[in-house]
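**Student:** I'll drop the sequence and a predicted model, then ask my questions.
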Amino acid sequence: MDKKKIFLVSLGHLSCDINGGAVPASLPYLRSIYGFDYQAAGGLVLAYSCLSSLIQPLLGLLSDRLQKPWFIPLGIVLAGLGVTMMGFMSNYWAIFAAIAISGIGSAFFHPEGAKFANKVAGHNKGVALSLFSIGGNSGFILGPILIAFFVGHFGMHGTAIFAIIALLTAAIMIRQIAGLKPAGKAHVPHAEAGRSAAGLAEDPAGAEAEELDEEDSQNAKNNWPQFLRLMGVIITRSVVFAGCNAFIPLYFVNVFAQSNTMGAMALVVFGICGVGLNMLGGFMADRLGCVPVIRLAFSIMPIAVLAFGLAPNITMAYCVLPFLAFVIYAPFSSQVVLGQKLLARNIGFASGVTLGLATTLGGIAQPALGFIADTFGLHAIFFCLAGFSLTGCSFSWILARKQA
């Protein structure tokens with residue numbers, strides 16, 4: 001595993017997903033300023049998710065055929081500028097469009113970033129993808145912190161900080177890419193293109209591992225039946241993750257009578273727990289296999305989600321958050337690695353689905369969850385998510401363990 005390259009692309013992942021964390025954390029502020037109801041607030045999460053979900057697999061297929069390292073800085077810039085524009089709009093549909101631009105940026109970044117992480121992972125793919133994912137998880141943590149500080153102190157115009165971060169990070173990525181010849185010819189190995197994308201010094205040992213991975217991918221066959229079963233797991237995890245990410249801040253504000261800032265900080269605590277548990281899940285995947293980790297997390301998921309919805313006070317809610325974080329974050333890298341194994345000939349497409357869709361597809365369900373909240377209250381959301389998580393549990397137990 002080439003740690004330098006992993007940390008570089010993880011930094012890009014952090015900068016991209018800061019914006020994904022900022023969108024749900026901004027909902028209490030947008031509701032208080034513009035009077036949006038829960039359904040409208042859920043629609044803004046949909047704006048980030050919908051285009052990203054539809055585009056990522058297509059961009060992943062493109063990544064399988066052509067090396068596009070510039071997708072990485074482009075995605076970072078679009079993601080940051082979209083969230084910044086959100087703070088300078090007052091019309092609902094203008095805010096919706098700005099957040100959609102941020103989602104498009106996420107779609108550009110994730111397939112190419114995850115494919116690159118896979119290529120430099122060597123034989124430690126679980127740990128490498130966990131490190132890559134930690135960048136994104138850290139972004140989901142920092143996003144609410146930045147919203148709480150900058151929007152809390154400067155109003156919605158404080159979202160300008162996200163454009164600054166995006167441009168600085170993109171400049172770092174472009175500098176790494178600049179000065180190298182693009183791998184435009186068909187006969188150039190993917191490993192060489194990956195080195196060009198990272199812009200770092202050649203590593204003979206890493207190059208050998210990448211070449212072996214490339215040879216394996218050429219000889220392997222795609223296992224679509226198993227991948228479709230994995231999709232059931234991915235969709236469930238995505239809906240539960242997006243639901244928790246969007247409504248945990250609102251839950252603390254409206255059920256436990258906390259401030260908007262404390263609502264954002266609850267999301268930060270949730271994300272901090274997720275970072276450590278994501279890494280734990282990667283170590284477990286390398287030692288036990290991906291499928292056992294997925295089965296364990298999804299077997300506990302209905303209980304953890306239901307327990308949060310039944311928490312009688314803020315103390316109990318905080319006590320449940322680590323368990324909720326475990327069932328959502330621990331199986332994440334296992335999903336990505338397993339998907340890349342099952343579609344070994346189309347790693348870019350697999351990455352676009354398992355990494356991209358896993359964090360954005362659930363946003364499509366958020367307007368429906370918002371309607372449930374408006375009609376039955378916020379508690380009902382977590383009861384529904386607990387019931388829906390049984391779907392993912394069922395799919396996890398029909399995955400073939402030998403593929404792990």
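**Tutor:** Yep, that arrived.

**Student:** quickly find the element holding Cys319.
**Tutor:** helix 314-329 (DSSP states H and E).

**Student:** following that helix in sequence, what is the next regular element?
**Tutor:** helix 332-342.

**Student:** which strands and helices sit next to that next one?
**Tutor:** helix 125-146, helix 224-254, helix 260-288, helix 290-310, helix 347-351, helix 358-360 (3 or more CB pairs under 8 Å, 6 or more residues apart in numbering; DSSP states H and E). In this view, the C-beta of every residue, glycine as well, is placed from N, C-alpha and C.

**Student:** quick one: closest of these to Gln39.
**Tutor:** Gln39 lies closest, by CB to CB, to one member of the helices and strands packed on helix 332-342: helix 224-254, at 11.7 Å.

**Student:** so which bits of that closest one are buried?
**Tutor:** Within helix 224-254, the residues that qualify as buried are 226-227, 229-254, counting by 16 or more other CB atoms under 10 Å.

**Student:** same deal with stretch 107-123?
**Tutor:** Buried residues in stretch 107-123 (16+ other CB under 10 Å): 107-122.

**Student:** cool, stretch 268-286 as well?
**Tutor:** Buried residues in stretch 268-286 (16+ other CB under 10 Å): 268-282, 284-286.

**Student:** if we can go back for a sec, now, which of the buried residues of stretch 107-123 lie within helices?
**Tutor:** Here DSSP state H is the test, and the buried residues of stretch 107-123 give 107-119 as lying in helices.

**Student:** ok, Val45 - contacts?
**Tutor:** The contact partners of Val45, taken as CB atoms under 8 Å, 6 or more residues apart in numbering, are 23-24, 27, 242, 245-246, 363, 366.

**Student:** neighbours around the residue nearest to Ala98 when sequence neighbours are not counted, how many?
**Tutor:** Nearest non-adjacent residue to Ala98, counting by CB to CB, 6 or more residues apart in numbering: Met85, 3.7 Å away. By the criterion of other CB atoms under 10 Å, Met85 has 20 neighbours.

**Student:** now name the helix or strand holding Met85.
**Tutor:** Using DSSP H and E, the element containing Met85 is helix 71-86.

**Student:** what angle do that helix and helix 125-146 make?
**Tutor:** Using axes from the mean of the first three to the mean of the last three CA atoms, to 10 degrees, one finds that helix 71-86 and helix 125-146 are set 20 degrees apart in direction.

**Student:** helix 71-86: how far from the chain's middle?
**Tutor:** 15 Å (CA atoms, centre = their mean, to the nearest Å).

**Student:** any idea of the mean pLDDT for it?
**Tutor:** Averaging pLDDT along helix 71-86 gives 93.

**Student:** output the contacting helices and strands for it.
**Tutor:** Helix 71-86 packs on helix 3-34, helix 92-119, helix 160-177, going by 3+ CB pairs under 8 Å, 6+ apart.

**Student:** buried residues, the last one. List them.
**Tutor:** Translated: helix 160-177. 160-163, 165-166, 169-170, 173-174, 176-177.

**Student:** which one among these sits at the bottom for pLDDT?
**Tutor:** Within the buried residues of helix 160-177, lowest confidence goes to Ile177 (59).

**Student:** excluding sequence neighbours, find me the nearest residue to Asn245.
**Tutor:** Nearest residue to Asn245, sequence neighbours excluded (CB to CB, 6+ apart): Pro24, at 4.9 Å.

**Student:** so what's the residue count around the one you found?
**Tutor:** 31.

**Student:** contacting residues for it?
**Tutor:** 45, 144, 245-246, 248-249, 267.

**Student:** dump these to TSV, plus distance to Asn260 and pLDDT.
**Tutor:** Formatted as TSV, the contacts of Pro24 follow (distance: CB to CB, whole Å; pLDDT from 0 to 100):
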residue	distance to Asn260	pLDDT
Val45	17	79
Pro144	11	86
Asn245	16	83
Ala246	14	82
Ile248	13	91
Pro249	8	88
Leu267	11	84
